[in-house]
Structures are given as structure tokens and as C-alpha cells.
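> here is a sequence with its predicted model. Questions after.
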Amino acid sequence: MTFQTNPDRDCARAWEAMPWVLQGSAPREQGQALMSHLVHCAACRAEFARQSQLQLAMSLPSDIPLDANVGLKHLLGRLDAPAPQEARSRTAGWLTRALVAAVLIQAIGIGVLGMKLWSESDQPRYRTLSEAAQPATTGSIRVVPDAGMKLADWNALLHALGLRVVGGPNDVGAYTVVPRDSTATAQHLLQQLRAAPGIRLAEPVTRTP
Amino acid sequence: MNDADTDADVTDRMLLQRMSTGDRAALAVLYRGYHGRLCRFLSRLTRRPDIIEEVINDCFWIAWQKAGSFHGDSRVSTWIMGIAYRCGLKALRQHGDEPVADDALPENRVPAHNPDEDRELRDWLGKGLIHLSVDQRVVIELVYGVGHSLDDVAAIMQCPVGTVKARLFHARVKLRNVLPSLAGDSPMREESVP
């Protein structure tokens, strides 16, 4: 490559070639042309000297105090540590398992509740006023205690005879009681009730035909 | 690329290949071989030693992970400098840009034939680099400091060659205008290109 005789163009080409000539990567002809130009161009000579200084300054080793061995030790320690991505995946795996477990527990709970509801009687535990009264249980006794009978005496009597109240008191103060033990005979209970003090009336409940 | 560069690249490729099989000794050799130039390259981005070490280690962490996927489209040095450049920019975004000049740096840390001469040259360079943008400083470092071609710099910075040319041109004009010669001449204030 040879520079043209036009001084401006020569200087522009010299400017262009300087970094690569300094690097040693420019073609030999380009280097020779630059040197020829510098012989008679003071401005480009000064610029080339500045570029040479720049290259020299840029080639100085770093003035930052860093020890390669210390840095390498840190790097090797980092290689031995679990990778952040693995840690993230482990966290994600743990979360996924926890979510699956929660869903399974919910499904099992829903299933248990469903079974319980299904196994229960279809009849509701309440009775509306328009419904007919429940048929009396076999062995039920209607008892009318005295108005002056104490609650403690009433409870003691029920406990002693093995009875429990299933209804009442109604408008006339009558309670419906049934024996806790199905083996007890109604007749015997009736006799005991009638003989007990404070009991005005004890009669068996007859089923409505 | 001259013969020395070719030989160095062959060695680097062999080290990378060994790294891809988990050879830490190869990693150590490559790390020590590049530590100096990466340290100087990254010092054009930041003056904080902790960040420079962090970026160098980030760079080699990636090189260790991706050693097996290096296809050889470029020189190993170009590949590594490119990784370091991107890690450096990421660190700058995280930590903020740092001024190039730093008077707090300790004295005589780097052995030199003539410490006074080196210090004068560093001061002279520092006065110029402070006027450049980060990208311009990087281009100047890669061309004048490391000796990369325009194509290499474009590959490292992942931009067109024309962009590299423009950055180099503007950086040189700025330096010419602000840098006096070491003999004591006043700086030129011309805006035109010769």
C-alpha cells in the first residue's frame, strides 16, 4: 500500500494505520508507507509518538492489588459449593412436594367427610311442626311428678330406676321416660314409679293406632 | 494472528478441552494465565479490587461451566474477554460506575524497572481515560493494551465492526485533544481528523 500525494489524504491514512502498525498486525506495505509519511509530516510524527506512548501506558500491568492465587482459591471454593440453580431446583422440588401433600390431605379429608355424610341416616335430626309426632318408643312411660317435687329428688329417682327423659314436660307437666336398659320390664318400672313418693301419675305410653 | 498468538490459542483450547472433563488443574493454569490481562482490562471499568476479583471469578465460573460447549468460532482469548466484558458490565450495573482515577491506591504495588517513569505514564494515561466513556475505554484497552483486531473487539463487545471503528475514532480524537505529550507540550484542541 502506498499513500497518495494528497497531504490530507496521506495524513488520514496515516491516522488510520497507526494502531495496527503499533500492534504489528498491519501489512508490511502499510507500515512502510506510514514511516515514509512520518518522515516529512511533523503533525503525524507527533501523533504517532503520542500513540506509541498510549500503547506503552496501556501495556503496563494493572496497578490494582489482586493476588491470582487468592482469587483462584475463592473460585475453587465456589465450584465445591452447591450451584445456586441446584439449590433453587431443590427449593422448587420441596415446594412441589409440599403442595402435592397438601392437596392429598385435602382430598382424603373431603373423602372422609363424604363417607361420613353418606353413612348417616337420611332423616334429618330436626322435626318440623307440620310433621306428625314420632311414634312412641316401646316401653315408654309417661310420668307426672308432683309440682312440689324437687329437681334433685326427680333426678335421683330417674337414676335409681335407670330411666331417661325423652320428652316433656307437656302442657300438663307430664314427662316421657324410657328405660336405659332394654331388659328392664315396663310393668316393674311402673310399679316402682307409682310407689315412689312425689309421683302423681305413671302410665305406659300406648302407640297411636 | 501471529505464530505466538496461534500457539497460545492451541494451548488455551487444550486447556478448555481438559476443563470440560472436570480437570481443575487446567482451570488453574488458564486462570493464572489470564488473571493479569483480565485484571488490567477490568480496571478500565472499575477501580474496586473486590469487584474486579468477583468479575474474574464470574468469568471463569462461566468458562468452567461452558468449556464443553466452546465451538472454536473465535480464539479462546476473544471468548474469555467477551465473557469478562459482559460480566463487567453486569457488575457495573449492580455496583455503579467507578471513576478511573483513584488517588487512594497504594504506592509501588507493581514492580517496574523505573517506578517513577511508570507512575508518570499512568498519571498521563489516567488524565486521558477519565474523559472517555466505558465503551471507549474498553475499545482502547482491547486495541492498544491487549492487541486485538477490530473483528475481535466486535466479537467481544457483540457489536458491528463499524461501531467499534466509531468508538475507536472518537476515543482517539478525545485523547489527542486532552493528552499532552510527556515532554510537556500543551494538548491539541483540534476537532478535525488529520
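That came through, no problem. As the structure is a computational prediction, the values presented were derived from the model and not from experiment.
> all strands of chain A, in order?
Remark: strands assigned in chain A by DSSP state E are A:141-145, A:163-167, A:175-179, A:199-204.
> OK, contacts around the closest residue to A:Leu190 other than its chain neighbours?
Closest residue to A:Leu190 apart from its sequence neighbours, by Cβ to Cβ, 6 or more residues apart in numbering or on different chains: A:Ala202 at 5.5 Å. (Glycine included, C-beta is placed from N, CA and C.) Residues in contact with A:Ala202 (Cβ atoms under 8 Å, 6 or more residues apart in numbering or on different chains) are A:Ile141, A:Arg142, A:Val143, A:Val144, A:Leu190, A:Leu193, A:Arg194.
> buried ones from the residues you listed, can you make that a ChimeraX selection?
Burial among the contacts of A:Ala202 is assessed by 16 or more other Cβ atoms under 10 Å in any protein chain shown; the matching ChimeraX selection reads:
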select /A:141,142,143,144,193
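> could the contacts of A:Ala202 be laid out in a markdown table, adding pLDDT and distance to B:Cys39?
Shown next, in a markdown table, are the contacts of A:Ala202 (pLDDT from 0 to 100; distance: Cβ to Cβ, whole Å):
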| residue | pLDDT | distance to B:Cys39 |
| --- | --- | --- |
| A:Ile141 | 89 | 105 |
| A:Arg142 | 90 | 106 |
| A:Val143 | 91 | 105 |
| A:Val144 | 91 | 108 |
| A:Leu190 | 87 | 110 |
| A:Leu193 | 88 | 107 |
| A:Arg194 | 88 | 113 |
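> so where's the chain shaky on pLDDT?
Went with chain A since none was named. Within chain A, the segments meeting pLDDT under 70 span A:1-7, A:83-91, A:121-136, A:184, A:207-209.
> hmm, no, I was thinking of chain B.
B:1-2, B:97-116, B:181-194.
> tell me the domain ranges of it?
In terms of domains, chain B is parsed into B:1-98, B:110-183 (source: automatic domain parsing).
> what would those look like in TSV with distance to A:Ala17 and mean neighbour count?
Output for the domains of chain B, formatted as TSV (distance: least, Cβ to Cβ, whole Å; neighbours: other Cβ atoms under 10 Å in any protein chain shown):
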stretch	distance to A:Ala17	mean neighbour count
domain B:1-98	18	18
domain B:110-183	12	18
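> show me what contacts the spatially most central residue of chain B?
Centroid-nearest residue in chain B, with Cα atoms, centre = their mean: B:Phe41, separated by 2.5 Å. Listed by Cβ under 8 Å, 6+ apart, the contact set of B:Phe41 reads B:Met81, B:Ala84, B:Tyr85, B:Gly88, B:Val138, B:Glu141, B:Leu142, B:Gly145, B:Val146.
> please redo it, this time with the cut-off set to 6 Å
Residues in contact with B:Phe41 (Cβ atoms under 6 Å, 6 or more residues apart in numbering or on different chains) are B:Glu141.
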